[in-house]
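S.K.: when you get a sec, could you give me coordinates for this:
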Amino acid sequence: MMRIFAISDLHADEAALDRLRAIAMRANYDAIIVAGDITNNGPVTYAQELLDLFPDNLYCVHGNMDPPSVIDSIRTFRGYVHGRKVKIREWNISGVGGSNPTPFGTPSELSEDEIASVLAMGAVDEYSILVSHPPPFGIFDNVGPSLNVGSKSVRDCIEKNRPLLVLCGHIHELEGQKIVGDTLVVKLGPAQGLRGADIAIGDEIKVNFISF
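M.R.: Presented below is the predicted three-dimensional model:
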């Protein structure tokens, strides 16, 4: 059994960081996973504080609101999985940060071709936990009644490579879980609002959405 605490979209919220300090002291989790938007266009010091809390068991990607200065500060961290694959027990963690283009010109956006290239570098397979800041297209990605803004490249990766689990964020209004083919997609609510998920992986995957 592996226990994961998963969050996304901290946006440099100090109350959330305080709660994470308490979680770090309890050491209840095998892995802490952060699916991007650690900051709100900075500051770098916030990202560094987060990494210092969990030096050995945090895995993360950046989000579209994390600027190049933040990405540079976390790039050498062993648990930074953007375009990388890191072994954890019998599974692995791969990731893609930033987001597909938005109307707002946020600091870290990628074309769909660039997202596909990052996913290929991470070599996602059926043993992967994929950490993606944007949700897959058509899954928990609605803005308004009919506009889907998720990543088509992430959706293609799920359908072709069938990862065990996908953890994503980005769209603050939505939270939930859905099976897509052989993959469980977990859309995280914003940690800025103290939302997260307690996940247990064993013979099956159990997800409990919580306020932390």
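
S.K.: okay, CA-based contacts and neighbour counts for the rest of this
M.R.: Noted.

S.K.: the lowest-mean-pLDDT helix or strand in the chain packs against which elements?
M.R.: With mean pLDDT, DSSP states H and E as the measure, the helix or strand of the chain carrying the lowest mean pLDDT is strand 142-143 (a mean of 92). Counting contacts by 3 or more C-alpha pairs under 8 Å, 6 or more residues apart in numbering; DSSP states H and E, strand 142-143 packs against no other helix or strand.

S.K.: run the chain-centre distance for whichever helix or strand comes after it.
M.R.: Following strand 142-143 in sequence order, the next helix or strand is strand 147-148 (DSSP states H and E). How far strand 147-148 lies from its chain's middle: 20 Å, per C-alpha atoms, centre = their mean, to the nearest Å.

S.K.: which residue ranges form the helices in the chain?
M.R.: With DSSP state H, the ranges of helices along the chain come out as 14-26, 44-53, 68-74, 112-121, 152-161.

S.K.: so residue 16 touches residue 7, yeah?
M.R.: No: look at residue 16 against residue 7 with C-alpha atoms under 8 Å: they stay out of range, at 10.2 Å.

S.K.: re earlier: partners of the least confident helix or strand of the chain in the sheet?
M.R.: Within its sheet, strand 142-143 is paired with strand 147-148 (antiparallel), according to DSSP bridges.

S.K.: from residue 98, how far out is the residue nearest to the spatial centre of the chain?
M.R.: Of all residues in the chain, the one closest to the mean position by C-alpha atoms, centre = their mean is residue 35, 1.8 Å from it. Separation of residue 35 from residue 98 (C-alpha to C-alpha, to the nearest Å): 10 Å.

S.K.: could you tell me which residues touch both of those two?
M.R.: 61, 62, 63, 133 (C-alpha atoms under 8 Å, 6 or more residues apart in numbering).

S.K.: chain neighbours aside, what residue packs nearest to the second one?
M.R.: It refers to residue 62. residue 36 (4.2 Å; C-alpha to C-alpha, 6 or more residues apart in numbering).

S.K.: could you report the pLDDT at the one you found?
M.R.: pLDDT for residue 36: 98.

S.K.: swap in residue 99?
M.R.: 98.

S.K.: the closest residue to it other than its chain neighbours and residue 66: what is the separation?
M.R.: Nearest residue to residue 99, sequence neighbours excluded (C-alpha to C-alpha, 6+ apart): residue 109, at 4.9 Å. Per C-alpha to C-alpha, residue 109 is found 10 Å from residue 66.

S.K.: more neighbours, these two?
M.R.: With neighbours defined as other C-alpha atoms under 10 Å, residue 109 and residue 66 compare such that residue 66 has more, 28 against 21.

S.K.: which ones are touching the more buried one?
M.R.: Residues in contact with residue 66, defined by C-alpha under 8 Å, 6+ apart, are 36, 37, 38, 39, 40, 41, 42, 98, 107, 108.

S.K.: can you give me the pLDDT of the fifth one?
M.R.: Read that as residue 40. 98.
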